[in-house]
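S.K.: A structural model of the following input is requested.
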Amino acid sequence: MFKYYCPICLRYFNHILISNCCNNYICRHCIGQQANKARKDPKYVINCSHCYQNEFRLDDVTSENGEPIKHYTDTPFKYLERKRPEEETPTPPTPTSFHMNLALATP
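M.R.: Numbers count the residues shown, from 1 in each chain. This is a model prediction of the structure:
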């Protein structure tokens, strides 16, 4: 099973790099693409893909430093605790909340 996730190319890896400017992950494949562009075009500047700083360093992520593995998501509700199925009690929507939701959904 892969431990790390690259938020740029959306692939999973066993080893990944972390930027020292904003502490976000980037894989060797993504930084390699930027390096190839820089070799072809001398005016191309390699920037951090997350915060766009042009002076940054990439280090290997190691589990020895005790830092937790970053998890990226596209939802604003990260790390929500889920209830156990036996704790969930379904509540039917009331007619007023149903109409309020429709009112909000119409343009």
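
S.K.: by mean pLDDT, flag the weakest helix or strand of the chain.
M.R.: Taking mean pLDDT, DSSP states H and E as the measure, the helix or strand of the chain with the lowest value is helix 95-105, at a mean of 47.

S.K.: below-threshold pLDDT in this structure: ranges please.
M.R.: Across the chain, residues meeting the criterion (pLDDT under 70) sit at 1-2, 63-68, 71-107.

S.K.: output the longest helix belonging to it.
M.R.: Scanning the chain for the helix with the most residues, using DSSP state H, yields helix 28-40.

S.K.: how about the CA coordinates for that helix, as PDB?
M.R.: Extracted C-alpha coordinates of helix 28-40, given in PDB (Å, rounded to 0.1, in the frame of the first residue of the first chain):
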ATOM      1  CA  ARG A  28       9.700  13.300  -8.200                       C
ATOM      2  CA  HIS A  29       7.700  12.900 -11.400                       C
ATOM      3  CA  CYS A  30       6.200  16.400 -11.100                       C
ATOM      4  CA  ILE A  31       9.400  18.200 -10.100                       C
ATOM      5  CA  GLY A  32      11.100  16.200 -12.900                       C
ATOM      6  CA  GLN A  33       8.700  17.700 -15.400                       C
ATOM      7  CA  GLN A  34       9.500  21.200 -14.300                       C
ATOM      8  CA  ALA A  35      13.300  20.400 -14.500                       C
ATOM      9  CA  ASN A  36      12.800  19.200 -18.100                       C
ATOM     10  CA  LYS A  37      11.000  22.500 -19.000                       C
ATOM     11  CA  ALA A  38      13.900  24.400 -17.400                       C
ATOM     12  CA  ARG A  39      16.400  22.400 -19.500                       C
ATOM     13  CA  LYS A  40      14.500  23.200 -22.700                       C
END
